[in-house]
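In: let me see the structure of the following:
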Amino acid sequence: MLSLKSFAFKSHINCRNVLTLNRRLNEFKDKQRVGVKSSDESVGAMGKGRQSPQQYCMDCVKKYDFEGYLSAIVVKEATVRRNVFAIKAFNTMISQTRDMTSQALMAQMRLQYWSDLIDKIFADDTEPGVEANEPIAYELKHCGTDSKATKYWFKKLIETRMDSRSLSHFPFQTLVDLEKYSESSVTPVYYLIVECLARLHDVSAAQRIDLDHMSSHLGRAQGFCNVLRGVAHNARYNRCYIPSDLLIKHNTSHEDLMRGNATDNVIELCYDLATITHQHIETALKLMEKLDKQNRVVFEWIPANHVVV
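Out: Below you'll find the predicted structure:
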């Protein structure tokens, strides 16, 4: 697990932000010791004496997306923070579907389960989280009704992963293919978070355009970064998400990457993709400077930054 000091160093986080993060971590540790009191603890299907759906989402993100956890706990507004954890927990669960089964059909069936839950979540008279004993679904119901998060973006996250090309072992022929996939599988998470902010704050039209534009660049940067970081992990499943045109450009192959051959060509390939990633991050940071402070907090900790910079 990434330590606080190494995260701060690699992300170039200033001292004030480190202290804020440390304080928020201690607050949540205190809450966990005494038991988190939530209005949702009385939800019958979740079980008396069990952790609340809100805490379940936090723990899920903390376990599987620690950088996302760090970026969420510093959000001061409780409503936005709760919604951010719900969105990130949902994305974490569906992003793991590919690793849970070797069969594309089984992965599609699991994703269809979530697609059906989303339909129920946005129906007016149902509590699918209670009915299905699904804490994330319960929290998403809160997210959908409280922040008016768009159903379209939740469905987009699922449908992108359900596509047969996304479930193949070598899905991307070109860098454009990877960019489109990142725009559809990562960027919607940021769009949904922007909707949470817009619900709580009076976001001007100009600020909303900047937020959406920044989200687009962040999504692509994080998507590229995920591919770079996931080379060794995906190799265990005989998969490689590096686009074929980059492999050809650098005179290397899927096999070189899956075998962990750190040749000069492989290093140049990774540097090439990291450079493109860095450009998206730099654009996002410039757009962030134009945002009001209240609209910036969720995006201050760009997860891809400490890996590529």
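
In: tell me the pLDDT at Val36?
Out: You'll see Val36 listed with a pLDDT of 39.

In: for the residue most central in space within the chain, which residues are in contact?
Out: Nearest to the mean C-alpha position of the chain, by CA atoms, centre = their mean, lies Lys88 at 5.3 Å. Counting by CB atoms under 8 Å, 6 or more residues apart in numbering, Lys88 touches 57, 61, 65, 68-69, 72, 189. Where you see a C-beta, it was placed from the backbone N, CA and C, and this is true even at glycine.

In: again, 10 Å this time
Out: 57-58, 60-62, 64-65, 68-69, 71-72, 189, 192-193 (CB atoms under 10 Å, 6 or more residues apart in numbering).

In: so what's the backbone phi/psi at it?
Out: With angles defined as degrees, to the nearest 10, Lys88 sits at phi -70, psi -40.

In: I'd like the next helix or strand past the helix or strand containing Leu246.
Out: Element membership for Leu246 (DSSP states H and E) is helix 244-249. Once the chain leaves helix 244-249, the next helix or strand it forms, by DSSP H and E, is helix 254-258.

In: what about the strands in the stretch 201-309 of the chain?
Out: Ranges of strands within the stretch 201-309 of the chain: none, based on DSSP state E, counting those that start in this stretch.

In: hmm, back to that, let me know the pLDDT of the residue nearest to the centre of the chain.
Out: Note on Lys88: pLDDT of 95.

In: what are the ranges of the helices in the stretch 1-150 of the chain?
Out: 4-11, 15-34, 53-64, 66-73, 78-95, 97-100, 104-121, 128-131, 135-146 (DSSP state H, counting those that start in this stretch).

In: now the closest residue to Ala235 other than its chain neighbours: how far from Val231?
Out: Counting by CB to CB, 6 or more residues apart in numbering, Ala235 lies nearest to Met258, which is 4.1 Å off, once chain neighbours are set aside. Distance, Met258 to Val231, using CB to CB, to the nearest Å: 8 Å.

In: I figured Lys63 hits Thr92, correct?
Out: Yes. Using CB atoms under 10 Å, Lys63 is in contact with Thr92, at 8.5 Å.

In: out of these two, which sits in the more crowded spot?
Out: Thr92 (19 against 12; other CB atoms under 10 Å).

In: what sits against the more buried one?
Out: So Thr92 contacts 57, 60-61, 63-65, 68-69, 136, 189 (CB under 10 Å, 6+ apart).

In: most widely separated two among those residues?
Out: Lys63 and Val189 (17.4 Å; CB to CB).

In: Gly144 reaches Asn83, doesn't it?
Out: Yes. Assessed by CB under 10 Å, Gly144 is found in contact with Asn83 at 9.3 Å.

In: higher neighbour count, those two?
Out: Asn83 (29 against 20).

In: surely the more buried one touches His142?
Out: Yes. Asn83 is within contact range of His142, at 7.5 Å (criterion: CB under 10 Å).

In: residue contacts, the closest residue to Ser168 other than its chain neighbours?
Out: Of all residues not flanking Ser168 in the chain, Ala104 sits nearest, at 7.7 Å (CB to CB, 6+ apart). Counting by CB under 10 Å, 6+ apart, Ala104 touches 98, 162, 164, 166-169.
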